[in-house]
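Participant: generate a structure from the sequence data that follows.
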Amino acid sequence: MTKQNTSFISLDILQDIINKEDVLKRILHAAKTDHIDQNLPKILAALMERESLGDTCIAPGIILSHAQTEACQSFFLGAAYLHTPFIWNSDDPPVKVVLLMLLPSVTDKKIALTIHALMHSLANDAILDQLTNVAGSAQIKNILSL
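Facilitator: Numbering: from 1, shown residues only. Below is the predicted model:
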């Protein structure tokens with residue numbers, strides 16, 4: 001993926017996970033941005049609504065949780081490496097990598113190009129294989145070239 005001016009954070013989650021919302025909340029808190037903090041309940045509701053619609057697993061052990069919401073003012077991409085794999089969906093293998101993408105309700109060409117580049121990267125089997133085998137969050141950022 002070509003380097004973009006993208007708001008991106010990555011973190012390692014060492015503690016036990018309670019549920020999906022717990023993971024997403026930890027990623028969002030790590031962002032440390034006012035608009036995410038101020039709109040956290042609405043953003044979490046949008047993410048959980050999307051999760052309820054269907055599977056967000058993009059490869060064994062990798063989730064791409066995403067939502068488009070007016071509560072988000074700019075594009076955001078976060079990632080977490082779970083040191084203790086977590087059962088995200090009962091039909092899928094345990095998850096080690098959680099990618100979280102937020103989109104504002106109105107997007108511009110720059111955001112569209114960033115999303116296109118990210119989706120292109122995530123469609124690449126070699127990149128998915130690398131993400132499946134990471135040992136920490138810093139590797140996720142390097143693999144996605146952010």
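Participant: burial count for Ala135?
Facilitator: 10 (other Cβ atoms under 10 Å). Every residue, glycine included, has its C-beta placed from N, CA and C.
Participant: and it, how far from Ala123?
Facilitator: Taking Cβ to Cβ, to the nearest Å as the measure, Ala135 and Ala123 are separated by 23 Å.
Participant: which residues in the protein form helices?
Facilitator: 20-31, 34-38, 40-53, 109-122, 125-132, 137-143 (DSSP state H).
Participant: could those go into TSV alongside distance to Ile62?
Facilitator: Shown next, in TSV, are the helices of the chain (distance: least, Cβ to Cβ, whole Å):
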stretch	distance to Ile62
helix 20-31	13
helix 34-38	22
helix 40-53	15
helix 109-122	8
helix 125-132	5
helix 137-143	10
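Participant: just put those helices in JSON lines and tack on mean pLDDT.
Facilitator: Listed next are these as JSON lines, based on pLDDT from 0 to 100:
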{"stretch": "helix 20-31", "mean pLDDT": "93"}
{"stretch": "helix 34-38", "mean pLDDT": "87"}
{"stretch": "helix 40-53", "mean pLDDT": "95"}
{"stretch": "helix 109-122", "mean pLDDT": "89"}
{"stretch": "helix 125-132", "mean pLDDT": "94"}
{"stretch": "helix 137-143", "mean pLDDT": "91"}
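Participant: among those helices, which is nearest His83?
Facilitator: helix 137-143 (9.9 Å; Cβ to Cβ).
Participant: now the closest one, how far from the chain's geometric center?
Facilitator: The chain centre lies 13 Å from the centre of helix 137-143; the measure is Cα atoms, centre = their mean, to the nearest Å.
Participant: what residues sit buried inside that helix?
Facilitator: Under the neighbour-count criterion of 16 or more other Cβ atoms under 10 Å, helix 137-143 has Ser137, Gln139, Ile140, Ile143 buried.
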